[in-house]
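Student: return a 3D structure for these sequence lines:
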Amino acid sequence: MTKGNPMNDKIKKAAAEIQQWLHEHIHMLDEVAKSKARIEVPEPSWHEPDAEQCNWDINAFANAQGHEDALFRVVQDARSRFWLEKME
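Tutor: Residues are numbered from 1 along each chain as shown. Next up, the predicted model:
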């Protein structure tokens, strides 16, 4: 079975749109909301598609101490949904 182009299976979004989606979903997490943490979400950085068929990643969050596992889950969810539009 041949797998299709991952870009066709994902929603194309600009970096700022992915960043906003991540910000909203991270701050909706119970553990983040309860701690009142204000986690700074950077824009995703583009790269060639990786083994997970994703072409972007997040390099570092600010104020994420103690929430790393939850952030990882949100980022993995977003990476499975979105294809970063490459700015030329």
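Student: okay, which residue is most central for the protein?
Tutor: By Cα atoms, centre = their mean, the mean C-alpha position of the chain lies nearest to residue 75, the distance being 3.8 Å.
Student: quick one: what helix or strand has that residue in it?
Tutor: Using DSSP states H and E, residue 75 falls within helix 68-81.
Student: could you export that helix as CSV, CA atoms only?
Tutor: Extracted in CSV, the C-alpha atoms of helix 68-81 (Å, rounded to 0.1, in the frame of the first residue of the first chain):
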residue,chain,number,x,y,z
GLU,A,68,6.8,19.5,29.6
ASP,A,69,4.9,16.2,29.2
ALA,A,70,1.6,18.0,28.6
LEU,A,71,3.2,20.4,26.1
PHE,A,72,4.8,17.4,24.3
ARG,A,73,1.3,15.8,23.9
VAL,A,74,-0.2,19.0,22.5
VAL,A,75,2.7,19.6,20.1
GLN,A,76,2.4,15.9,18.9
ASP,A,77,-1.3,16.4,18.3
ALA,A,78,-0.7,19.5,16.3
ARG,A,79,2.1,17.9,14.3
SER,A,80,-0.3,15.2,13.3
ARG,A,81,-2.8,17.7,12.1
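Student: so what touches the next helix or strand after it?
Tutor: Following helix 68-81 in sequence order, the next helix or strand is strand 82-84 (DSSP H and E). By Cβ atoms under 8 Å, 6 or more residues apart in numbering, the surrounding residues in contact with strand 82-84 are 6-7, 10-15, 17-18, 21, 44, 46, 54-56. C-beta coordinates here come from the backbone N, C-alpha and C atoms, glycine included.
Student: which among these end up buried?
Tutor: Neighbour counting by 16 or more other Cβ atoms under 10 Å classes 10, 13, 15, 17, 18, 21, 44, 54, 55, 56 among the contacts of strand 82-84 as buried.
Student: quick check: of the residues you listed, which lies closest to residue 65?
Tutor: Nearest to residue 65 out of these is residue 44 (Cβ to Cβ; 21.1 Å).
Student: residues contacting that closest one?
Tutor: Counting by Cβ under 8 Å, 6+ apart, residue 44 touches 15, 18, 19, 22, 56, 57, 58, 84.
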